[in-house]
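Participant: Sequence first, predicted coordinates after that:
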Amino acid sequence: MEIDGLIRDAAENWRLERMALVDRNILRLGAYEIRHGRDIPFAVAINEAVDLAKRFGAEESGGFVNGILDRIAEIVRKKASPRRPIREMTQRGVSRSGVWSGGKDCVERNRSERAKVRA
C-alpha cells in the first residue's frame, strides 16, 4: 500500500505494527491528504491530524503524529510532484520551507473552501 509505504519510510525506528491503532490510522489519513490532497497545504493536513491525535490518542500521540507527517511532507516535497508545484504552494500561504504562513484566519478560510468543494 502506497500510504503505508510512506509511513514506513518516515518512521525510521518504528514498525507499522508496533504503532498504536489510533495513531496509525490518523497517520494514514494525514499521509493521504499530504500525498493526494491537491488543494490542501501540507501544514493544514498535518495540523488537522495532530488535533485528532491529541483528542483521540495517547498523551504523546500529537508529537508523534506531527514528527512522522512532517517527514512524509519532506519526502513528498522532494519528489516534486507536478500536481503541487512550489509556486502553487506559496500562493496558498505555504512558504517554500512548507511552513504555513497565513495564520489562523487563513486556516479557517481554507477549511471553508474545502467545505465548499465537498458540497
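Facilitator: Happy to help now that I have it. Residues are numbered from 1 along each chain as shown.

Participant: how about Ile68, what does it touch?
Facilitator: Residues in contact with Ile68 (C-beta atoms under 8 Å, 6 or more residues apart in numbering) are 7, 10-11, 27. Using the backbone N, CA and C atoms, a C-beta is placed for each residue, glycine as well.

Participant: And it, how far from Asp39?
Facilitator: Applying C-beta to C-beta, to the nearest Å, the value for Ile68 to Asp39 is 23 Å.

Participant: Just among the contacts of Ile68, which is most surrounded?
Facilitator: Within the contacts of Ile68, most neighbours by other C-beta atoms under 10 Å means Leu27, with 26 neighbours.

Participant: Quick one: residues contacting it.
Facilitator: Shown in contact with Leu27 (C-beta under 8 Å, 6+ apart): 7, 19, 49, 65, 68-69.

Participant: ok, now how distant is it from Val50?
Facilitator: When distance is defined by C-beta to C-beta, Leu27 is 11 Å away from Val50.

Participant: what's the answer for Glu33, then?
Facilitator: From Glu33 to Val50 the distance is 12 Å (C-beta to C-beta).

Participant: Compare neighbour counts for these two and give me the winner.
Facilitator: When neighbours are counted by other C-beta under 10 Å, Glu33 and Val50 differ, and Val50 comes out ahead with 22 against 18.

Participant: picking up where we left off before, show me whatever sits in contact with both of Leu27 and Val50.
Facilitator: Going by C-beta under 8 Å, 6+ apart, residues that sit against Leu27 and also against Val50 are 65, 69.

Participant: name the element the nearest residue to Ile40 once chain neighbours are set aside belongs to?
Facilitator: Nearest residue to Ile40, sequence neighbours excluded (C-beta to C-beta, 6 or more residues apart in numbering): Glu33, at 5.2 Å. Per DSSP states H and E, Glu33 falls inside helix 21-36.

Participant: What residues of that helix count as buried?
Facilitator: 22-24, 26-31, 33-35 (16 or more other C-beta atoms under 10 Å).
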